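> have a look; sequence and predicted model below, questions after that.
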Amino acid sequence: WFQFADDATVVTLNESENQILLNCFTRWCQWSNMIIRVDKCSTFGIKKCLTSSSQYLPKLLVNNERIPPTELGDSFTYLGKHFNYNMNDELHKSEILETTTNLMKLIDRLPIDPKYKLMIYQKYVLAKISWHLTVSDITKTWVVNNMDNMISSYVRFWFEIPINGTLDILALSNINFGVSLILPSQKFIECQITKRNILKVSLNDDIKKLYHSTTNGTNLQFDKFCNGKEYLDFNRKEKQDRIKNDLKNQGFILKSIMEMGLQFTKPIWSLMQQGLPKNIFSFSLRYLNNTLATKNNLCLWKLAASNECSFCKQPESLLHVIAGCNKYLHQGRYNWRHDSVLFYLTTVIKSRSNIDIYADLENHRSPSIITGMSYRPDIVFIFNETLYILELTVGFETNISINVERKKEKYKHMLLDLEQRYSKVSFINLSLGALGIFSKQCTTFVPMLKDLNFNDKEIKFTIQKVMNICIRTTYFIFCRRNKDWFVEGYLNY
């Protein structure tokens, strides 16, 4: 005999015993002024016939009114779980598929940014199917084959990720340059872990015995986690390790920025990425897993006959397009990106009064006036009796630490000379990736802003703005690959 809220279930070995219990229950309901809605009740029976069993239609009464029996081959539902004669989960499976299919088609038709489509899927669709994933006995294999493939196809379409591009990067947390994508199979495991933990911590001894008696088989994979969050963190760590160690072609960029990126700027970059237009947002995802349409990739996908750059005839990899083509360099493409960031930084520093600034830009006094003709750093200014020298580098993500060391070596003699002439010299070696990732050696940039009396909000805004300029200029450089260059002026964003 089971009771929950306004539901009651009577389970017996035979029909006569069930009728006796129903009569007792009916009298108790009459005594307590409770009404039994017979039309909302149902019966389900299985009996043995010779050597086999079969479903039949029980004749059970409440107040001399027959309770409607579950038709042969049909199922009944109790507390959200479907039961039938075969004791399978076909109805749960069909409901999950139908619900998910209809909702994903509806979401796909919405005239909104793909980021918000993904958000609706994560917050709403997964919630709609989570009860089925919790109470039913479907397997992870079924969820992977039927649900994951469907969701993956929509995500690929929304973010223009090719079929051979990994979605593991999207599954990483936002702080690790992903979008926290949760596939149905991961939600299934999360739900199963929740169910097992409810049994484990129950105050009822019988339910605890049920937990211990079922700590075997497939349940072992769920019982090793304390909660769903712990599993998701474990799963993301696995994917992160796979990206860094196994996906050499698609994971090398992410591996570089994870190892060489400045930790506290990662949440700022994630916040900046969320505000990008859908085309640049998609570009950033494909950039990170190296699935953009470079000629190297087009040849790999058998969509191009040659992988040569149209300008220099070298193999056109992502590195080549973004920061490695000598022809592009001489055309000023990379300088335009660099100078756009530099122009913004100059404007920000100028916003503080009483600053005499020298910058390696048009219409600005040359930094060589201070440093001497042998050197030309990007920005030089004096503030509060301190000489600040800022050297900016915007390059490919795999080179951000190399660029720091290169610039440190280049200017070491200049710094020694200036330290003899000025009471205090601060060198800001600002090395950025093409997507705006800060090198972990860029530890003097924030102290410089604090010296200029920037508060925490202003510092975050400045960093986010620099990142935004980097990624937008890089996007434009990529879009103009194999095309003539015609840009004038700096990116004014």
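Nice, I can see it.
> where does this protein have low pLDDT?
Counting by pLDDT under 70, the chain shows low-confidence ranges at 1-5, 353.
> state which helix of it is the longest.
helix 456-479 (DSSP state H).
> pull out the buried positions in that one.
Neighbour-count burial for helix 456-479, counted by 16 or more other Cβ atoms under 10 Å, picks out 459-460, 462-478. C-beta: built from backbone N, CA, C; applies to glycine.
> how about stretch 244-261?
Neighbour-count burial for stretch 244-261 flags 244, 247, 250-258, 260-261 (criterion: 16+ other Cβ under 10 Å).
> in a markdown table, list the residues you listed along with distance to M34.
Compiled in a markdown table, the buried residues of stretch 244-261 are given as follows (distance: Cβ to Cβ, whole Å):
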| residue | distance to M34 |
| --- | --- |
| K244 | 62 |
| L247 | 62 |
| Q250 | 63 |
| G251 | 63 |
| F252 | 68 |
| I253 | 66 |
| L254 | 61 |
| K255 | 65 |
| S256 | 68 |
| I257 | 64 |
| M258 | 62 |
| M260 | 69 |
| G261 | 64 |
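> inside helices: which ones of those residues?
Short answer: the buried residues of stretch 244-261 in helices (DSSP H) are K244, F252, I253, L254, K255, S256, I257, M258, M260.
> turn those into a markdown table, including distance to L292.
Formatted as a markdown table, these follow (distance: Cβ to Cβ, whole Å):
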| residue | distance to L292 |
| --- | --- |
| K244 | 20 |
| F252 | 14 |
| I253 | 11 |
| L254 | 14 |
| K255 | 17 |
| S256 | 16 |
| I257 | 16 |
| M258 | 20 |
| M260 | 21 |
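> nearest to N482, of the residues you listed?
I253 (21.3 Å; Cβ to Cβ).
> pretty sure the closest one contacts T398?
Yes - taking contacts as Cβ atoms under 8 Å, I253 lies within contact range of T398: 6.9 Å.
> so which elements touch the longest helix of the chain?
Applying 3 or more Cβ pairs under 8 Å, 6 or more residues apart in numbering; DSSP states H and E, we find helix 456-479 packed against helix 266-274, helix 278-288, helix 333-350, strand 425-433, helix 445-451.
> please name the nearest non-neighbouring residue to Q331.
Of all residues not flanking Q331 in the chain, W485 sits nearest, at 4.5 Å (Cβ to Cβ, 6 or more residues apart in numbering).
> tell me the SS of the one you found?
Under DSSP: H, G, I helix; E, B strand; the rest coil, W485 falls in the coil class.
> wait, doesn't it sit right on R333?
Yes - with contact defined as Cβ under 8 Å, W485 counts as touching R333 (5.6 Å).
> these two: which has the busier surroundings?
Between W485 and R333, counted using other Cβ atoms under 10 Å, R333 has the larger neighbour count: 22 against 14.
> dump the residue contacts of that one.
The contact partners of R333, by Cβ atoms under 8 Å, 6 or more residues apart in numbering, come to I477, R480, W485, V487.
> hang on, isn't L167 packed against W158?
No - checked against Cβ under 8 Å, the pair L167 and W158 is beyond contact range at 11.6 Å.
> can you name the next helix or strand after the host helix or strand of Y211?
Element membership for Y211, per DSSP states H and E: helix 205-213. Scanning forward in sequence from helix 205-213 by DSSP H and E, the next helix or strand is helix 220-223.
> which strands or helices does that next one pack on?
Contacts defined by 3+ Cβ pairs under 8 Å, 6+ apart place helix 220-223 against helix 184-200.
> helices or strands next to the helix it packs on in the packing?
Using 3+ Cβ pairs under 8 Å, 6+ apart, helix 184-200 sits against helix 126-135, helix 140-143, helix 205-213, helix 220-223, helix 228-245.
> dump those helices to a markdown table, plus distance to G178.
Shown next, in a markdown table, are those (distance: least, Cβ to Cβ, whole Å):
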| stretch | distance to G178 |
| --- | --- |
| helix 126-135 | 17 |
| helix 140-143 | 21 |
| helix 205-213 | 34 |
| helix 220-223 | 23 |
| helix 228-245 | 8 |
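> which one of those has the most crowded surroundings?
For these, the largest average neighbour count (mean count of other Cβ atoms under 10 Å) is found in helix 126-135, namely a mean of 18.
> circling back to that earlier point, and of the helices and strands packed on helix 184-200, who's closest to L181?
Set against L181 and scored by Cβ to Cβ, the helices and strands packed on helix 184-200 come closest in helix 228-245, at 10.0 Å.
> the helices and strands packed on helix 456-479: which one's closest to K187?
helix 278-288 (21.4 Å).
> show me where the stretch 51-200 of the chain has strands.
Here the stretch 51-200 of the chain has its strands, by DSSP state E, counting those that start in this stretch, at 52-56, 61-62, 65-66, 76-78, 81-83.
> I138 reaches K93, doesn't it?
Yes - using Cβ under 8 Å, I138 is in contact with K93, at 6.1 Å.
> quick one: contacts of stretch 350-368?
With contact meaning Cβ under 8 Å, 6+ apart, stretch 350-368 is reached by 339, 342-343, 346, 349, 369-370, 375-383, 389, 452-453.
> drop anything exposed from those residues.
In terms of neighbour count (16+ other Cβ under 10 Å), the buried residues within those are 339, 342-343, 346, 349, 370, 375, 377-383, 389, 452.
> can you tell me the centre-most residue of this structure?
When Cα atoms, centre = their mean is applied to the chain, the residue found nearest the centroid is V179 (1.8 Å).
> so that one sits against L170, correct?
Yes - with contact defined as Cβ under 8 Å, V179 reaches L170; the gap is 5.1 Å.
> mutual contacts of these two, please.
Residues touching both V179 and L170 (Cβ under 8 Å, 6+ apart) are L285.
> got the CA positions of stretch 312-329 in CSV?
Output of stretch 312-329 as CSV, limited to C-alpha atoms (Å, rounded to 0.1, in the frame of the first residue of the first chain):
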residue,chain,number,x,y,z
CYS,A,312,52.1,34.4,-50.9
LYS,A,313,51.4,30.7,-52.1
GLN,A,314,52.2,29.4,-48.6
PRO,A,315,49.9,26.9,-46.9
GLU,A,316,46.9,28.8,-45.6
SER,A,317,46.4,27.7,-42.0
LEU,A,318,44.6,29.8,-39.4
LEU,A,319,47.9,31.0,-38.0
HIS,A,320,48.9,32.1,-41.5
VAL,A,321,45.7,34.1,-42.0
ILE,A,322,45.6,35.7,-38.6
ALA,A,323,49.2,36.6,-38.0
GLY,A,324,51.6,34.8,-40.4
CYS,A,325,51.3,36.0,-44.0
ASN,A,326,54.1,38.4,-45.0
LYS,A,327,52.0,39.8,-47.8
TYR,A,328,49.2,40.6,-45.3
LEU,A,329,51.8,42.1,-43.0
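> so which bits of that stretch are buried?
312, 315-325, 328.
> which of these sits closest to P68?
Closest approach to P68 among the buried residues of stretch 312-329 (Cβ to Cβ): L318, at 65.6 Å.
> quick check, that closest one in contact with R286.
No - with contact defined as Cβ under 8 Å, L318 does not reach R286; the gap is 9.5 Å.
> and for those two, which residues touch both?
Residues touching both L318 and R286 (Cβ under 8 Å, 6+ apart): L292.
> do you know how far L361 is from C442?
L361 is 21 Å from C442, where distance means Cβ to Cβ, to the nearest Å.
> check Q274 too.
In terms of Cβ to Cβ, Q274 sits 23 Å off from C442.
> looking at the two, which one has more neighbours?
C442 (21 against 13).
> wait, isn't that one in contact with G436?
No - at 11.7 Å, C442 does not count as touching G436 under the criterion of Cβ under 8 Å.
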